[in-house]
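**Q** sequence unavailable; structure follows:
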């Protein structure tokens, strides 16, 4: 019997298939290049290896390749007879995720890891700010995220993936010293992991070490392939730091070369949110963004996320639609009642509509309505700074500058030491 790197038995007798599968898992967890190639190599070595099809389907979901997801999921189900209980459960939980039943998938992950805590591809589903907890829309998701990963400590020890996810969960609740210790441990174990480098960048951001963070990530990203899944978001951080440190030319270069819809090969969610966020934060800092840029991004949002429901996408799509004056598209988001955070995205979308109409006081009121728990929208604290800064910008333009400064001093003190808002 063969086992994966985490000690779980595998339904293949081919050592070549096992090795390729293990490589695929490692690359998937680290957002490295060659994930699909590795899982496909495992399939080529053993066409009856069900979990290799699941791994391939998982990566195709990230890359928005629904036909590939469906076909590989079907293959896995056809091969599930006679598999171990762990592998059958793995396929069932993955099916819930891949078919979009997020609440059921989240509950199934919890049940699965009670029995098989080291089944890392299942445990992974409930980690990170884009996972099933992160996008659950529930209050207290950051505390739940940390509790979930801490519970796995006896089973993973100093494993680089585990320490990476523990560091991210700690960072999001403000445990920066503990997060740093864990991320340094993870980086030393696997310096190729883009997820680990990414979380190291978040630590620089939260510690207001912007120049140091820019140098670090600029150097690390030199060997990161543009086809890798986190490439887009790595460069969002570089573009944002370029903006905040005054290198405006580089910010535009990063936007055009690395993260815009016209050039990026990244997951659509990252392409939309990273581009919209960087453009709007540039505007909040006082830069002029040509409307044509917003029109292209608005069109991209409509093509990739035509039906509202994923709150984090809806938030950024609303900004693009508001900036182009597409009230019809914006109203669809406002009137949407599906998804776990439709109440928040409605308030935020109205805020951006009122902001566009220069109704600063009304816009600020709607942003305030979302402030009490905007973590429910999803994304990291660094990404949700966009909401805090939108509120502050409206207050400044409503001649309430001191109120804006007071709010930011409580919610995001880093804004007080960086030129992130014009007029602050």
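**A** Great, that's in hand. As the structure is a computational prediction, the values presented were derived from the model and not from experiment.
**Q** how far away is residue 20 from residue 32?
**A** Look at residue 20 and residue 32: by CB to CB, to the nearest Å, they are 14 Å apart. Heads up, the C-betas are built off the backbone N, CA and C, glycines and all.
**Q** tell me which of those two has more neighbours.
**A** residue 20 (25 against 22; other CB atoms under 10 Å).
**Q** tell me what the lowest-mean-pLDDT helix or strand in the chain is packed against?
**A** Across the helices and strands of the chain, mean pLDDT, DSSP states H and E gives its lowest value to helix 414-417, namely a mean of 79. Helix 414-417 is packed against helix 381-397, helix 401-411, with contacts defined by 3 or more CB pairs under 8 Å, 6 or more residues apart in numbering; DSSP states H and E.
**Q** how far out from the middle of the chain is the longest one?
**A** By that I understand helix 381-397. Relative to the centre of its chain, helix 381-397 is centred 19 Å away, using CA atoms, centre = their mean, to the nearest Å.
**Q** kindly reformat the helices and strands packed on helix 414-417 as TSV containing mean neighbour count.
**A** As requested, the helices and strands packed on helix 414-417 are exported to TSV (neighbours: other CB atoms under 10 Å):
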stretch	mean neighbour count
helix 381-397	22
helix 401-411	16
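**Q** among these, which comes closest to residue 299?
**A** helix 381-397 (20.8 Å; CB to CB).
**Q** what angle do that closest one and helix 401-411 make?
**A** Here helix 381-397 runs at 160 degrees with respect to helix 401-411, directions being taken by axes from the mean of the first three to the mean of the last three CA atoms, to 10 degrees.
**Q** for the residue nearest the centre of the chain, which non-adjacent residue is closest in space?
**A** Ranked by distance to the mean C-alpha position of the chain (CA atoms, centre = their mean), the top residue is residue 130 at 4.2 Å. Using CB to CB, 6 or more residues apart in numbering and skipping the chain neighbours, the partner closest in space to residue 130 is residue 378 (7.0 Å).
**Q** just residue 354 next, same as before
**A** With CB to CB, 6+ apart as the measure, residue 363 is the residue that lies nearest to residue 354, at 3.8 Å, once sequence neighbours are left out.
**Q** is the one you found in a helix, a strand, or coil?
**A** Judged by DSSP: H, G, I helix; E, B strand; the rest coil, the three-state class of residue 363 is helix.
**Q** I'd say it and residue 352 touch.
**A** Yes: if you go by CB atoms under 8 Å, residue 363 and residue 352 touch, sitting 7.4 Å apart.
**Q** so what sits against both of the two?
**A** Residues within reach of residue 363 and of residue 352 at once, by CB atoms under 8 Å, 6 or more residues apart in numbering, are residue 390.
**Q** okay, now residue 185: neighbour count?
**A** There are 18 residues near residue 185, going by other CB under 10 Å.
**Q** can you confirm it is in a strand?
**A** No: counting by three-state DSSP, residue 185 falls outside a strand, being helix.
**Q** that one and residue 157, how far apart?
**A** With distances defined as CB to CB, the gap from residue 185 to residue 157 amounts to 10 Å.
**Q** next: residue 99.
**A** Per CB to CB, residue 99 is found 33 Å from residue 157.
**Q** please say which of those two ends up with more neighbours.
**A** residue 99 (13 against 9).
**Q** if we can go back for a sec, list the contacts of the residue nearest to residue 130.
**A** Residue 378 is in contact with 129, 130, 134, 135, 137, 311, 312, 341, counting by CB under 8 Å, 6+ apart.
**Q** so where do the strands sit in the stretch 251-400 of the chain?
**A** Ranges of strands within the stretch 251-400 of the chain: none, based on DSSP state E, counting those that start in this stretch.
**Q** on that earlier part again, got phi/psi on the residue nearest to the centre of the chain?
**A** phi -100, psi 10 (degrees, to the nearest 10).
**Q** which residues touch it?
**A** Applying CB under 8 Å, 6+ apart, we find residue 130 in contact with 269, 312, 378, 379.
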